[in-house]
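1. predicted structure and sequence below. I'll ask about it afterward.
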Amino acid sequence: MHVTHLSLADFRSYARAEVSLDPGVTAFVGPNGQGKTNLVEAIGYLATLGSHRVSSDAPLVRMGAERAVIRAAVVQGERQQLIELELNPGRANRARINRSSQVRPRDVLGIVRTVLFAPEDLALVKGDPGERRRFLDELITARTPRMAGVRSDYERVLKQRNTLLKSAAMARRHGGRGLDLSTLDIWDQHLARAGAELLAQRLDLISALRPLADKAYEQLAPGGGPVAFDYRGPAGIEGAHTREELYEALLAALAEARKQEIERGVTLVGPHRDDLLLRLGQLPAKGYASHGESWSYALALRLASYELLRSEGNEPVLVLDDVFAELDARRRERLAELVAHGEQVLVTAAVDDDVPEVLTGARYAVSGGQVERV
């Protein structure tokens, strides 16, 4: 799978941009702040419906514009598709596939798949649990696009349940008897049902990633591992092997936490509170791994993601956003060698020297809002 053309309107710094892309390596080179990352960010948005740089859509719309449009032509085997997303901050986004009538934005998921390496990846190792949950869930959705609906259902139920708990907590603090919490059992069941599906997908993904990540780390930093990771979730899921068992374990954990949840007014149990515990050798990676080891670990997770998606029959676009400037010479060359033969590899760099020689291919100069092939 590869993108053959990218078109932007009022996206980030671009009033308009038209970029033709080939298979193989394409490098966008130019000084910082000129819009290189904006190009690959747009492709990443088509794959995930989100940005790796910001948490909302508002910053993605050019200042003074009401909306932004991302459009891309995509080829997978003999099949060609045109996908379009219209970003409307404060209102519903809109999507089209092959210029047809509008579809839901999440219906475009799975057409473009990306694995993105960026300086922000260091947070996978050093950051808070939310960074690792996001990593897992975006990869789950890339593998199984229908999971976008499950994630949306979970977030909707979680919001409703938190509203009920917050109201109950406020009533208790003001000396009242509290609200009628009879509906909480129903919300528990809904939360546990969607949560069990998400948990099952996360646990399956982790099992698939473990050997791939360990192999990738050994390739990047020979003799420096092994790496391993475990899932930390509600008590009782360790012995659960089916979705029904996970559902029952979540229900039991919610029941045990109910008193504390009512006191605090928030849901304390569920996939939104879980973590991926990363280990390097016998020690936790967070807090113990050096800066270089943390980088190698983060890169290993991304390389494992790439290998997993490729093994499942639809090779993703590899995006390396200003990564090589962050790496020492050894890691730079090893990473470049590992990704050089991808079906489509997009690289951003401030200067040509930051692009390893093995990554030969098309070059674009990016400056002052202009993208020109050189």
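-> That came through fine. Bear in mind the structure is a predicted one, so any value in this text is a computation, not a measurement. Numbering: from 1, shown residues only.

2. only alpha carbons, please: show the helix or strand Val347 falls within as PDB.
-> In the assignment (DSSP states H and E), Val347 maps to strand 344-349. Extracted as PDB, the C-alpha positions of strand 344-349 are listed here (Å, rounded to 0.1, in the frame of the first residue of the first chain):
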ATOM      1  CA  GLN A 344       6.900   3.600   1.000                       C
ATOM      2  CA  VAL A 345       9.100   5.500   3.400                       C
ATOM      3  CA  LEU A 346       8.600   9.200   4.100                       C
ATOM      4  CA  VAL A 347      11.400  11.000   5.800                       C
ATOM      5  CA  THR A 348      11.600  14.600   7.100                       C
ATOM      6  CA  ALA A 349      14.900  16.300   7.900                       C
END
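
3. what is the rounded mean pLDDT of that strand?
-> In this model, strand 344-349 has a mean pLDDT of 96.

4. how about stretch 12-25?
-> 96.

5. what packs against the strand holding Val347?
-> With contacts defined as 3 or more CB pairs under 8 Å, 6 or more residues apart in numbering; DSSP states H and E, strand 344-349 has these neighbours: strand 24-29, helix 36-48, strand 317-321. In this view, the C-beta of every residue, glycine as well, is placed from N, C-alpha and C.

6. now with 10 Å, please.
-> strand 2-11, strand 24-29, helix 36-48, strand 114-117, strand 317-321, helix 329-339, strand 361-367 (3 or more CB pairs under 10 Å, 6 or more residues apart in numbering; DSSP states H and E).

7. make TSV out of those and add mean neighbour count and distance to Gly225.
-> Shown next, in TSV, are the helices and strands packed on strand 344-349 (neighbours: other CB atoms under 10 Å; distance: least, CB to CB, whole Å):
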stretch	mean neighbour count	distance to Gly225
strand 2-11	20	32
strand 24-29	22	28
helix 36-48	24	28
strand 114-117	26	19
strand 317-321	25	22
helix 329-339	17	14
strand 361-367	18	31
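
8. ranking those by mean pLDDT, which is last?
-> The lowest average pLDDT among these, as it happens, falls on helix 329-339, at a mean of 92.

9. angle of that helix against strand 24-29?
-> 140 degrees (axes from the mean of the first three to the mean of the last three CA atoms, to 10 degrees).

10. off-centre distance for helix 329-339?
-> Helix 329-339 sits 23 Å away from the centroid of its parent chain (CA atoms, centre = their mean, to the nearest Å).

11. check contacts around Val40.
-> Applying CB atoms under 10 Å, 6 or more residues apart in numbering to Val40 gives the contacts 6, 26, 28, 52, 114, 116, 118, 317, 319-322, 346-348.

12. show me the strands in the protein, by range?
-> 2-11, 14-20, 24-29, 68-76, 79-87, 94-97, 114-117, 227-232, 275-280, 283-284, 317-321, 344-349, 361-367, 370-373 (DSSP state E).

13. export those strands as CSV, with columns for distance to Arg132.
-> Shown next, in CSV, are the strands of the chain (distance: least, CB to CB, whole Å):
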stretch, distance to Arg132
strand 2-11, 28
strand 14-20, 32
strand 24-29, 29
strand 68-76, 27
strand 79-87, 26
strand 94-97, 28
strand 114-117, 16
strand 227-232, 9
strand 275-280, 4
strand 283-284, 12
strand 317-321, 19
strand 344-349, 24
strand 361-367, 32
strand 370-373, 34
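
14. what is the neighbour count of Thr141?
-> 23 (other CB atoms under 10 Å).

15. that one reaches Gln201, doesn't it?
-> Yes - contact criterion CB atoms under 10 Å: Thr141 and Gln201 qualify, at 9.1 Å.

16. where's Gln282 relative to His52, distance?
-> As for Gln282, its distance to His52 is 31 Å (criterion: CB to CB, to the nearest Å).

17. between the two, who's got more neighbours?
-> Using other CB under 10 Å as the criterion, Gln282 and His52 rank with His52 on top: 21 against 8.

18. ok so, going back, common neighbours of Thr141 and Gln201, please.
-> With CB under 10 Å, 6+ apart as the test, Thr141 and Gln201 both reach 147, 150-151.

19. restricted to buried residues, select these in PyMOL.
-> A single PyMOL command is used to select the members of these judged buried by 16 or more other CB atoms under 10 Å:
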select buried, resi 147+150+151
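
20. what packs against the longest helix that the chain contains?
-> Ranked by residue count and defined by DSSP state H, the top helix of the chain is helix 184-220. In terms of contacts (3+ CB pairs under 10 Å, 6+ apart), helix 184-220 is packed against helix 129-143, helix 147-173, strand 227-232, helix 243-264, strand 275-280, helix 291-311, helix 329-339.
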